[in-house]
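Participant: Pasting the sequence and the predicted coordinates here, then a few questions.
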Amino acid sequence: MSAKTTNGRSAKGRTSAAALQGTKTVEDYAQAFEQTMVRELPVSLGFSARLNMLWDLAGAAPPQTEGRVISVLGINRDWRETDVRKWLQKDVLPPRIDLYNMVKFLVEQLDQGQDVRRWEAFLIYGSPIVSSPVNQALYREDQTRREIASTIFAQITDEYGIPPSAYEADQVFQRCLTLMHKFNIYELRDFQSGHLEPFKSYMFPGG
């Protein structure tokens, strides 16, 4: 009687487990895993632009066109030039420990109460998956972003034939910086032709 009951419970237990799993077996899941598995991590689109923005904000190395790679190598001599170039130019992620140490170092230069983990996640995934940790004040103080804003400003006034007498330059410039921040524009190449109209409308409302 006891053995029968035990066997009955075992059979019931097996039935319940099968019901929970549906019709798939471990082998089915193993095949599915094999089909979805990748052999190497894909590039993280926009990572290099976001990383360069953090270097710009930290002010720990010169601009990209003025020897940034060599300066970064001087900060950590264990890094290799080919790897650093991939990180800064090819959207290739550094090894996790290198990324963490780099971000920790750069965030400490900001002195703005920034969170290292949030910055690390933002660099990898970007917005809107991870909201930008850059506040408006920090973004506005960044000289690189101000230079990009100046170029965008000039491009829009030229494209739409807007004369200097039609606007207050400082006010419009600040609007440009604000929209750059919202549109995640970290480099001039991030500004596409499709941005012209929304930037024009925001910078020159009613124009």
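Facilitator: Looks like it came in fine. Numbers count the residues shown, from 1 in each chain.
Participant: Which strands and helices lie in contact with the helix or strand containing Leu179?
Facilitator: According to DSSP states H and E, Leu179 maps onto helix 169-182. With contacts taken as 3 or more C-beta pairs under 8 Å, 6 or more residues apart in numbering; DSSP states H and E, helix 169-182 sits against helix 136-141, helix 143-159, helix 196-203. Just so you know, the C-beta spots here come from the backbone N, C-alpha and C atoms, and that holds for glycine as well.
Participant: okay if I get these as CSV plus distance to Ile124?
Facilitator: Formatted as CSV, those follow (distance: least, C-beta to C-beta, whole Å):
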stretch, distance to Ile124
helix 136-141, 20
helix 143-159, 21
helix 196-203, 27
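Participant: Quick one, which of the ones you listed gets closest to Trp79.
Facilitator: Using C-beta to C-beta as the measure, helix 143-159 is the one of those that comes nearest Trp79, at 22.3 Å.
Participant: Buried residues, the closest one. List them.
Facilitator: For helix 143-159, burial by neighbour count (16 or more other C-beta atoms under 10 Å) applies to Thr144, Arg145, Ile148, Ala149, Ile152, Phe153, Gln155, Ile156, Thr157.
Participant: Please identify the nearest residue in space to the third one, excluding sequence neighbours.
Facilitator: Excluding its sequence neighbours, the residue lying closest to Ile148 (C-beta to C-beta, 6 or more residues apart in numbering) is Leu188, at 5.1 Å.
Participant: can you tell me which residue is nearest the centre of the protein?
Facilitator: When C-alpha atoms, centre = their mean is applied to the chain, the residue found nearest the centroid is Gly126 (2.7 Å).
Participant: That one against Leu51, yeah?
Facilitator: No - counting by C-beta atoms under 8 Å, Gly126 stays clear of Leu51, with 10.9 Å between them.
Participant: mind listing what Phe105 touches?
Facilitator: Phe105 sits next to Ala60, Ile75 when contact means C-beta atoms under 8 Å, 6 or more residues apart in numbering.
Participant: switch the cut-off to 10 Å
Facilitator: Applying C-beta atoms under 10 Å, 6 or more residues apart in numbering to Phe105 gives the contacts Ala58, Ala60, Ile75, Asn76, Val116.
Participant: Downstream of the helix or strand where Phe105 lies, the next helix or strand is which one?
Facilitator: Remark: Phe105 resides in helix 96-110, with elements defined by DSSP H and E. Using DSSP H and E, the next helix or strand after helix 96-110 towards the C-terminus is helix 116-125.
Participant: Counting by contacts, list what that next one packs against.
Facilitator: Here helix 116-125 touches helix 47-58, helix 96-110, going by 3 or more C-beta pairs under 10 Å, 6 or more residues apart in numbering; DSSP states H and E.
Participant: buried residues in the last one?
Facilitator: It refers to helix 96-110. Across helix 96-110, burial judged by 16+ other C-beta under 10 Å covers Asp98, Leu99, Met102, Val103, Leu106, Val107, Leu110.
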